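In: what follows is a predicted protein model with its sequence.
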Amino acid sequence: MTNNGFTTTIIHSDRRSSVEHGAIHKPMHPSTQYAFADARELAAVFQGKPGFTYARQGTPTTSALEAKITQMEDGAGTVTFASGMAALAATFFTLLKAGDHLISSQHIFGNTNSLLGTLAGLGVEVSFVDATDVNNVIDAYRPETRMVFTESLANPGTQVADLKAIGKWCKEKNLVYVIDNTLTTPWLCQGKAMGASLCVNSLSKHIGGHGNALGGAVTDTGLYDWSGYGNIAEPYRAGKPTSWGLTQIKKKGLRDMGGTLASEAAHRISAGAETLALRMESACANALALARFLSQHPKVAKVHYPGLPEHPQHERATQMFGGRYGALMGIELIDSVDLFEFLNRLRVLILATHLGDNRSLVLPMAHTIYYEMGPERRASMGISDNFLRASIGIEDTQDLIDDFVQALQ
Ligand SMILES: *Cc1c(COP(=O)(O)O)cnc(C)c1O
């Protein structure tokens with residue numbers, strides 16, 4: 001770790017770890033096996049010494065990206081995965097077992113909601129609570145509670161959980177606290193500052209940023225002492241207790257489950273990550289301007305965006321995210337506007353799933369990601385039929401505003 005700022009650190013990270021031939025990018029390593037001249041060294045790497053054996057457990061290229069994410073999050077270590085969902089699945093499935101209890105925010109990404117349903121089917125009890133108030137989390141506590149999960153900024157409703165207060169309470173109760181930091185990224189919010197034990201990022205979104213690679217990461221902030229966590233298997237109870245959790249996630253999540261990030265994708269994400277701060281600044285500014293404009297538009301019933309003073313957690317977001325509010329917003333059109341007709345008229349914003357891209361993307365929610373869960377659960381998450389999600393990119397601001405104006409006409 002250096003004393004340099006965020007972007008300097010990321011841009012110079014590969015070079016400073018002595019890449020061969022003075023290369024400034026860590027090369028893509030397509031090799032699946034890594035050979036040893038010394039059998040003792042081979043055994044040592046199998047037994048936990050840092051190194052490479054088989055690419056399912058990582059390559060020098062994924063390792064270089066992991067170093068960057070760790071620096072971004074100011075964490076102790078990171079493991080990358082093939083996607084954000086693979087990172088979340090590895091976290092839940094390797095650290096929880098039947099009979100354990102998980103408290104989750106009810107305002108979460110639809111696919112994460114589905115994943116927690118699978119987890120519940122395997123015997124892990126899951127309670128969904130409104131995590132914008134820590135008291136709801138506290139009320140859900142049981143002796144079997146092992147973990148608390150929330151998104152830093154919720155996809156797609158933009159609710160901001162009581163992140164710091166939850167972190168403080170988890171520390172008192174010695175619970176593993178997992179934050180999905182995808183929508184804020186470590187540029188707006190470091191999980192460690194919120195008291196998180198683990199921080200998950202979908203690298204497919206803002207960190208990669210260019211819509212050309214899938215990836216995910218779990219970062220251990222180093223705050224949690226895993227020696228008191230009963231679910232760590234005996235072989236991983238070695239070395240510093242702050243590293244045990246990540247060792248288990250890596251061994252079971254990569255070695256056993258195999259959701260490994262490919263070197264080519266890691267390389268693309270690494271290059272994309274160099275401009276994370278610049279892109280976030282631009283996308284957040286665009287989103288704020290657009291949210292302000294749309295909140296005054298007669299055909300818009302409601303804009304969900306933490307940068308607007310009427311957002312229920314506006315002040316909390318202002319304090320925690322350094323005066324930036326992310327690039328995602330929920331937009332509810334008035335009933336008399338036909339949502340599909342409106343979407344078909346857009347010319348700059350792209351009708352596509354995904355978020356955190358350089359390009360602005362829109363998606364109707366109730367008919368897509370939230371379709372499977374049914375109207376009741378959608379209502380509890382605040383997803384109405386005329387709700388669309390807009391992920392704002394780095395286009396010229398006026399072009400985005402003009403596109404909404406013509407499509408709403
Ligand atoms: C997209 C997303 C994920 C999943 O990431 P993938 O890389 O698409 O698998 C997880 N959490 C949040 C908040 C997301 O927006």
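Out: Cool, the structure landed. Numbers count the residues shown, from 1 in each chain.

In: any residue of stretch 165-178 touching the ligand?
Out: No - on the criterion Cβ under 6 Å from any ligand atom, stretch 165-178 is out of touch with the ligand, staying 11.4 Å away. For every residue, glycine as well, the C-beta is placed using N, CA and C.

In: what does that stretch contact?
Out: Residues outside stretch 165-178 that contact it (Cβ atoms under 8 Å, 6 or more residues apart in numbering): 91, 95, 131, 134, 137-138, 141, 145-150, 194-200, 223-224, 228-229, 245.

In: same thing with stretch 345-361?
Out: Stretch 345-361 is contacted by residues 155, 182-183, 185, 202, 204-207, 209-211, 279, 286, 327-328, 343-344, 362-363, 368-369, 389-395, 399-400, 402-404, 406-407 when judged by Cβ under 8 Å, 6+ apart.

In: tell me the buried residues in it?
Out: Buried positions in stretch 345-361, judged by neighbour count with 16 or more other Cβ atoms under 10 Å: 346, 348, 349, 350, 355, 356, 357, 358, 359, 360, 361.

In: and the ligand, which of these reach it?
Out: Counting by Cβ under 6 Å from any ligand atom, the members of those near the ligand are residue 355.

In: give me the buried subset of the contacts of stretch 345-361.
Out: In the contacts of stretch 345-361, burial by neighbour count holds for 155, 182-183, 185, 202, 204-207, 209, 211, 279, 286, 327-328, 343, 362-363, 369, 389-395, 400, 403-404, 407, counting by 16+ other Cβ under 10 Å.

In: so which of the contacts of stretch 165-178 belong to strands?
Out: Filtering these for membership in strands, criterion DSSP state E, returns 145, 146, 147, 148, 149, 150, 198, 199, 200.

In: nearest to the ligand among these?
Out: Comparing the ones in strands among the contacts of stretch 165-178 against the ligand with Cβ to the nearest ligand atom places residue 200 closest, at 7.1 Å.

In: tally of neighbours for that closest one?
Out: By the criterion of other Cβ atoms under 10 Å, residue 200 has 27 neighbours.

In: before we move on, what about residue 78?
Out: 25.

In: residue 394 against residue 285, yeah?
Out: No - Residue 394 is not in contact with residue 285 according to Cβ atoms under 8 Å; the separation is 9.3 Å.

In: which phi and psi does residue 16 have?
Out: Dihedral angles of residue 16 (phi, psi; degrees, to the nearest 10) stand at phi -70, psi -10.

In: using CSV, write out every CA atom in the least confident helix or strand in the chain by mean pLDDT.
Out: When the helices and strands of the chain are compared on mean pLDDT, DSSP states H and E, helix 374-380 comes out lowest with a mean of 87. Below are the C-alpha coordinates for helix 374-380, written out as CSV (Å, rounded to 0.1, in the frame of the first residue of the first chain):
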residue,chain,number,x,y,z
GLY,A,374,-44.7,-12.0,-8.0
PRO,A,375,-46.7,-8.8,-7.1
GLU,A,376,-46.8,-9.2,-3.3
ARG,A,377,-43.0,-9.3,-2.8
ARG,A,378,-42.6,-6.6,-5.5
ALA,A,379,-44.9,-4.3,-3.6
SER,A,380,-42.9,-4.9,-0.4
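
In: sheet-wise, list the partners of the helix or strand that comes right after it with their directions.
Out: Using DSSP states H and E, the helix or strand that follows helix 374-380 in sequence is strand 387-391. When pairs are called by DSSP bridges, strand 387-391 turns out to pair with strand 328-333 (antiparallel), strand 361-364 (antiparallel).

In: what does the chain have sitting close to the ligand?
Out: On the criterion Cβ under 6 Å from any ligand atom, the ligand has as its neighbours in the chain the residues 83-85, 109, 112, 151, 155, 180, 182-183, 202, 204-205, 214, 216, 355.

In: ok, of those residues, which one's closest to the ligand?
Out: For the ligand, the nearest member of those is residue 84. The distance, counting by Cβ to the nearest ligand atom, is 2.3 Å.

In: any idea how far the closest residue to the closest one other than its chain neighbours lies from residue 111?
Out: Computed as Cβ to Cβ, 6 or more residues apart in numbering, the closest residue to residue 84 that is not its neighbour in sequence is residue 202, at 2.7 Å. Per Cβ to Cβ, to the nearest Å, residue 202 is found 10 Å from residue 111.

In: next, show the common contact partners of those two.
Out: Common contact partners of residue 202 and residue 111 (Cβ under 8 Å, 6+ apart): residue 85.

In: can you list the strands paired with strand 387-391 in JSON lines and add mean pLDDT?
Out: Rendered in JSON lines, the data for those read as follows (pLDDT from 0 to 100):
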{"stretch": "strand 328-333", "mean pLDDT": "96"}
{"stretch": "strand 361-364", "mean pLDDT": "96"}
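
In: switch these over to TSV; also include distance to residue 253.
Out: Written out in TSV, the entries for the strands paired with strand 387-391 read as follows (distance: least, Cβ to Cβ, whole Å):
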stretch	distance to residue 253
strand 328-333	27
strand 361-364	29
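
In: perfect, I'm done here.
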